[in-house]
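[1] everything below, folded, please.
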Amino acid sequence: MQPDLSIVIPVLYEGANVLPLIEHLRAIAGDVTYEVIVVDGDPEGSTLHYLPSHIQGITAPAGRGSQMNAGAHLAQAPTLLFLHADTKLPQTALAQIHITMGQTAAGAFDLGIDSPKASLQWISRVASWRSRLTRIPYGDQAIFVDRTTFHQVGGFPNIPIMEDVALMQQLKRQRIPIRIMRDLVLVSPRRWEQEGVLRCTLRNWLLLGLYTFGVSPHRLWHWYRPPSLPKSGLKN
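    Residues are numbered from 1 along each chain as shown. Next up is the predicted model:
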């Protein structure tokens, strides 16, 4: 039987997060049927070793765009949900997506950061306000899209960064409505904590501004790219 929803999870050294996320999805699914496709950017498939046998896992060239395209290619459901491994969905998220997709072709959630720090709470509110104003959510806001529409616009472009923004821009150019749900996804604060709240935030805003003004994503990637990671299966 065809599932209602295909959940594509791009991973890279996410052994610590992938099982809790799979359990989180099971706990909030309700009556919505879904499949999970985990796409590992590590050619050795280090995160895939953590998956239970009923979860589909594949490898693809590293880069969220190429990984998510690979997962979407295998998806069976009419709706695709692209979910980062360090993101928790609202309790009724899958049901909301299932209902909403009868009225629109794409959407995402407001952003929440899983931290009590006032600075991070402010950042999440600004990010949600920005995505509502522009109708261009980031990938960590749990983007969902009609599978046929996704393939018609060419999926995510093969670029190392801003693939989420580029997809949303393409949908907007074709006048495809994008709905931002008011419930919050909760993303891990780890990147802000590792790099510093001010530095990480200003860097992200600068990259988005430069991309908007036409700077190549391949050039921007050199400024965004995190330090080399140990092959421990524990980081992204």
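[2] what packs against the longest strand seen in the chain?
    Assignment by DSSP state E gives strand 178-187 as the longest strand of the chain. In terms of contacts (3 or more CB pairs under 8 Å, 6 or more residues apart in numbering; DSSP states H and E), strand 178-187 is packed against strand 87-88, helix 93-100, strand 106-113, helix 118-134, helix 163-173. C-beta coordinates here come from the backbone N, C-alpha and C atoms, glycine included.
[3] any chance you could map the strands in this structure?
    With strands called from DSSP E, the chain shows them at 5-11, 34-40, 56-59, 79-82, 87-88, 106-113, 144-146, 178-187.
[4] now tell me what touches the helix or strand bottoming out on mean pLDDT in the chain from outside.
    Lowest on mean pLDDT, DSSP states H and E among the helices and strands of the chain sits helix 217-224, with a mean of 83. Residues from elsewhere that reach helix 217-224 (CB atoms under 8 Å, 6 or more residues apart in numbering): 159-163, 166, 203, 207, 210-211.
[5] in a markdown table: the strands of the chain, plus mean neighbour count, mean pLDDT and distance to residue 19.
    Conversion of the strands of the chain to a markdown table gives the following (neighbours: other CB atoms under 10 Å; pLDDT from 0 to 100; distance: least, CB to CB, whole Å):
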| stretch | mean neighbour count | mean pLDDT | distance to residue 19 |
| --- | --- | --- | --- |
| strand 5-11 | 26 | 98 | 11 |
| strand 34-40 | 23 | 98 | 11 |
| strand 56-59 | 17 | 98 | 12 |
| strand 79-82 | 27 | 98 | 18 |
| strand 87-88 | 22 | 96 | 14 |
| strand 106-113 | 24 | 97 | 22 |
| strand 144-146 | 24 | 98 | 23 |
| strand 178-187 | 18 | 96 | 17 |
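[6] want to throw those strands into a markdown table with distance to residue 198?
    Below are those laid out as a markdown table (distance: least, CB to CB, whole Å):
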| stretch | distance to residue 198 |
| --- | --- |
| strand 5-11 | 27 |
| strand 34-40 | 32 |
| strand 56-59 | 36 |
| strand 79-82 | 28 |
| strand 87-88 | 23 |
| strand 106-113 | 14 |
| strand 144-146 | 31 |
| strand 178-187 | 18 |
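[7] thanks a lot, catch you later.
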